[in-house]
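Peer 1: Predicted model follows, preceded by the sequence.
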Amino acid sequence: MRVTKAQAQANRAHIVATAAKLFRERGYDGVGVADLMAAAGFTHGGFYKHFPAKADLMAEAATCGFEQSLEKTSALASPEFVRHYLSREHRDAPGDGCIMAALCADAARQPVQVKAAFEAGIEAMLARTGVLGDPSDLQHGKAHRARGIALMAQMIGAIMLSRACPDESPLADEILDACSAALLSRLSSSEDTATAEPSRDG
């Protein structure tokens, strides 16, 4: 039976979504094309009807992973998000979690199209940081962006360090607790400062 164009597009989207999850779970080198296609419910040979090479799927899956993360994120700099991100539940479920914490180290060794997908995704996530301050204010724009980058880097780094420790390691939990406390304290101080500052009109 001939596959319709709509079905082919749906099949491709399913392969990409499956790859996005498996890559987060196992890393780029931990998933072969045959295993990936089997997990998606297709034959190995069907892969090349959709993608010229694995690197092309990796790049598309990265974009998909960032889109999934953005759907779950309203403001990275909210205390609620920090608590969720630096939780044991997030740490222990990489396949359903943040693509940056799961794959940034792998992406650094991949072809340019994968790195470009990460660059675009990171920029999109930075736009969701919600760090206090008006990012359209040219005077404070660079500082606003720098705070967002620092916040994102500390959260991602904490998850990566915690995952690198053995399961049930006390240090793994200590890393999450220390970084969560530090970030929540910093956000609280920023809110206090913003509340105390007089408005420009006053």
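Peer 2: Now that the structure is in, tell me what you want to look at.
Peer 1: Can you list the low-confidence ranges for this protein?
Peer 2: Low-confidence segments of the chain (pLDDT under 70): 1, 130-140, 190-202.
Peer 1: Helices of that one, start to end?
Peer 2: Using DSSP state H, the helices of the chain run over 5-26, 33-40, 54-71, 79-85, 88-91, 99-107, 112-126, 138-164, 170-196.
Peer 1: Could you tell me which other helices and strands the third one packs against?
Peer 2: So that's helix 54-71. Helices and strands touching helix 54-71, by 3 or more C-beta pairs under 8 Å, 6 or more residues apart in numbering; DSSP states H and E, are helix 5-26, helix 99-107, helix 112-126. Just so you know, the C-beta spots here come from the backbone N, C-alpha and C atoms, and that holds for glycine as well.
Peer 1: repeat for the fifth one
Peer 2: Helix 88-91 is packed against helix 138-164, helix 170-196, with contacts defined by 3+ C-beta pairs under 8 Å, 6+ apart.
Peer 1: got the buried residues for it?
Peer 2: 90-91 (16 or more other C-beta atoms under 10 Å).
Peer 1: before we move on, back to that, so can I have JSON lines of the helices and strands packed on helix 88-91 showing distance to Leu36 and mean neighbour count?
Peer 2: Listed next are the helices and strands packed on helix 88-91 as JSON lines, based on distance: least, C-beta to C-beta, whole Å; neighbours: other C-beta atoms under 10 Å:
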{"stretch": "helix 138-164", "distance to Leu36": "22", "mean neighbour count": "16"}
{"stretch": "helix 170-196", "distance to Leu36": "29", "mean neighbour count": "14"}
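Peer 1: Of those helices, give the one that comes closest to Ala6.
Peer 2: Ala6 lies closest to helix 138-164 among the helices and strands packed on helix 88-91, at 37.3 Å (C-beta to C-beta).
Peer 1: How far off centre is the closest one?
Peer 2: Chain-centre distance of helix 138-164: 12 Å, with C-alpha atoms, centre = their mean, to the nearest Å.
Peer 1: Same question for stretch 151-165.
Peer 2: The answer for stretch 151-165 is 12 Å, by C-alpha atoms, centre = their mean.
Peer 1: Give me the buried positions along stretch 6-21.
Peer 2: 11-12, 15-16, 18-21.
Peer 1: Now flag whichever of those residues is closest to Thr129.
Peer 2: Nearest to Thr129 among the buried residues of stretch 6-21 is Ala20, at 22.5 Å by C-beta to C-beta.
Peer 1: gap between the closest residue to Phe66 other than its chain neighbours and Cys104?
Peer 2: Leaving aside its sequence neighbours, Phe66 sits nearest to Gly121 (C-beta to C-beta, 6 or more residues apart in numbering; 3.2 Å). Plainly put, Gly121 is 10 Å away from Cys104 if you go by C-beta to C-beta, to the nearest Å.
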